[in-house]
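S.K.: Sequence and predicted structure, then a few things I'm wondering about:
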Amino acid sequence: MNPEKRQRLVALSILLGGVAAAIIWRDRISVDALTGWVAQLGWLAPLVFVLVYAVSAVFLLPGLLLTFAGGVLFGPLYGSVYNLTGATLGATLAFLTARYIAHDWVAEHSGKRAGRLIAGVEREGWRFVALTRLVPVLPFNLLNYALGLTNIRLTHYIITSFIFMIPSCAAYTYLAYAGREVAGGGEDVIKKVLLAIAVIASVAFGSRILMRIRQNRTNAQ
């Protein structure tokens, strides 16, 4: 076995081991557990949180859980920034893993949807990636790996993912922040909850409109 194959085998083993561990201990991971741990880290908290978010994306831990934790820990503004940074870094690491380390394994376990993703990216390039970020056709973690099977350029993938994950990332971060305020009895609770509901509804409604527009264009062709 040549050194390159040996390195890929080691990396794949680490990946599968991490995924297995994440599945085994999934029930022990919660928003409360994450926020309690990260909150004790002082000025290192944002950096550690971003790194944990990125690693969680590689090991297929629920991204929404981390997003909620970011909103609870850092509030709507900084929470959105840290969540988006961690999500983009994690999405990039998963993409590179699928492209250079675990291509065959990801292709084997992605199913028919991966084929549609590949065809869509080949046909529309970054625009299709943008659509999948706004209207997820797969869960966040699986989508990152599946997009690693496509031929999109890395820079296009990173920039598109970063920009078009902003709406959902900001919406769910604010939702978590509003939930924290409700639990803590903060000021203007009703206003914050209504705003959170409005933001989530806007993202969902906008996603449906985009999907309908795309379907109409596809049918027209």
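M.R.: Received it, and whenever you're ready, just let me know what you need. Numbers count the residues shown, from 1 in each chain.
S.K.: mind listing the helices for this protein?
M.R.: 3-24, 31-38, 45-58, 63-100, 103-110, 112-124, 126-134, 140-147, 154-164, 166-184, 189-220 (DSSP state H).
S.K.: count of neighbours near residue 177?
M.R.: 24 (other C-beta atoms under 10 Å). In short, each C-beta sits where N, CA and C put it, glycine included.
S.K.: can you tell me how far it sits from residue 156?
M.R.: 32 Å (C-beta to C-beta, to the nearest Å).
S.K.: ditto for residue 91
M.R.: Counting by C-beta to C-beta, the gap from residue 91 to residue 156 is 13 Å.
S.K.: same deal with residue 106?
M.R.: Here the criterion is C-beta to C-beta. By it, residue 106 lies 19 Å from residue 156.
S.K.: what about the two, which has more around it?
M.R.: Counting neighbours by other C-beta under 10 Å for residue 106 and for residue 156 shows that residue 106 has the greater number, 21 against 14.
S.K.: Tell me if I'm right that that one and residue 96 touch.
M.R.: No: at 11.6 Å, residue 106 does not count as touching residue 96 under the criterion of C-beta atoms under 8 Å.
S.K.: which residues are common contacts for those two?
M.R.: residue 148 (C-beta atoms under 8 Å, 6 or more residues apart in numbering).
S.K.: Next one: residue 133 from residue 171, what distance?
M.R.: On the measure of C-beta to C-beta, residue 133 and residue 171 end up 13 Å apart.
S.K.: Please apply the same query to residue 60.
M.R.: Taken as C-beta to C-beta, the span from residue 60 to residue 171 is 23 Å.
S.K.: and the residue nearest to residue 165 when sequence neighbours are not counted, what pLDDT?
M.R.: Counting by C-beta to C-beta, 6 or more residues apart in numbering, the nearest residue to residue 165 once its immediate chain neighbours are dropped is residue 133, at 5.1 Å. With respect to pLDDT, residue 133 scores 88.
S.K.: Give the burial count for residue 133, as a bare number.
M.R.: There are 23 residues near residue 133, going by other C-beta under 10 Å.
S.K.: My guess is it contacts residue 160. True?
M.R.: Yes: with contact defined as C-beta under 8 Å, residue 133 counts as touching residue 160 (7.0 Å).
S.K.: which sections of this structure are below the confidence cut-off?
M.R.: The model of the chain has pLDDT under 70 over residues 1-30, 109-111, 183-196, 198-221.
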